[in-house]
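> have a look at this prediction, sequence included:
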Amino acid sequence: MDTSSSEKSSSSQTPTPPPAGAFERWRRKAALVTGLGVTEEERLADLAIHQTRQCEKTKSYLMNYSPSVVFMLKHLKLSGCEVPPENIVCAPCDWSRAGGFTPKHGAVILCSGHFFNQQHMESTLVHELVHMYDHCKFKVDWNNLRHHACSEACVRRRAVVSVADNPGCPDVATAEKAVNEVWDSCFSDTRPFDEVWRLSPTPFNLF
């Protein structure tokens with residue numbers, strides 16, 4: 001009997017083990033999903049990375065295909081404030097926020113992992129791009145509560161909540177006063193939209 005031939009045949013039927021790197025990635029992913037063999041900090045860090053990647057993917061889609069987002073980006077560019085993708089940042093935030101606009105850096109923050117769906121992110125992004133548009137075109141002084149209130153005049157209650165979060169606002173009553181003072185003039189100023197653009201309802205605060 002030809003034992004060498006038999007050994008070769010047996011050897012050729014033995015499955016090739018997966019590369020060590022692939023197995024380690026699989027093992028790591030399984031550990032993070034199940035929580036076995038990893039710390040809570042490691043699991044949360046991996047979740048944050050995944051959420052940020054998903055946020056960036058949706059952001060890219062909205063910047064290219066959302067009519068309202070494309071509209072805002074076009075008018076920002078026409079106003080001399082072109083917005084590159086890197087100025088819309090996906091990042092972890094505290095759970096009271098869905099997004100924000102930072103005048104100092106001229107950037108919009110999207111809170112990764114805080115969105116129910118694509119529409120929620122779209123409405124948040126448009127809201128913050130309106131702030132960016134106001135800041136670019138009208139030189140808003142964000143320390144002036146009346147200026148802040150005017151930029152927020154899309155829904156009165158949301159405007160009051162947002163202005164009350166301004167570090168320069170001492171209390172809700174002052175926020176309400178600022179919103180009331182500018183409401184009529186700012187609500188009728190829908191630029192760059194031709195009419196009032198309706199945001200979808202969301203339980204999260206927007207900056």
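That came in fine, so what should we check first?

> can you map out the strands along the protein?
88-91, 97-102, 107-111, 205-206 (DSSP state E).

> turn those into JSON lines, including mean pLDDT.
Shown next, in JSON lines, are those (pLDDT from 0 to 100):
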{"stretch": "strand 88-91", "mean pLDDT": "96"}
{"stretch": "strand 97-102", "mean pLDDT": "91"}
{"stretch": "strand 107-111", "mean pLDDT": "96"}
{"stretch": "strand 205-206", "mean pLDDT": "40"}
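
> mean neighbour count and distance to residue 79 added to these, as a markdown table?
Every C-beta, even on glycine, is put in place using the N, C-alpha and C of the backbone. Shown next, in a markdown table, are the strands of the chain (neighbours: other CB atoms under 10 Å; distance: least, CB to CB, whole Å):
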| stretch | mean neighbour count | distance to residue 79 |
| --- | --- | --- |
| strand 88-91 | 20 | 17 |
| strand 97-102 | 22 | 15 |
| strand 107-111 | 22 | 15 |
| strand 205-206 | 18 | 21 |
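
> turn those into a markdown table, columns for distance to residue 70.
Listed next are the strands of the chain as a markdown table, based on distance: least, CB to CB, whole Å:
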| stretch | distance to residue 70 |
| --- | --- |
| strand 88-91 | 13 |
| strand 97-102 | 18 |
| strand 107-111 | 15 |
| strand 205-206 | 20 |
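
> do you know the pLDDT at residue 40?
As predicted, residue 40 sits at a pLDDT of 80.

> next, count neighbours for it.
The local packing of residue 40 (other CB atoms under 10 Å) involves 8 other residues.

> gap between it and residue 46?
As judged by CB to CB, to the nearest Å, residue 40 and residue 46 stand 11 Å apart.

> need the pLDDT of residue 116.
92.

> phi first, then psi, for it.
Dihedral angles of residue 116 (phi, psi; degrees, to the nearest 10) stand at phi -70, psi -40.

> rewinding a little: of all the strands of the chain, which lies closest to residue 66?
The minimum distance between residue 66 and the strands of the chain falls on strand 88-91, with 12.1 Å, by CB to CB.
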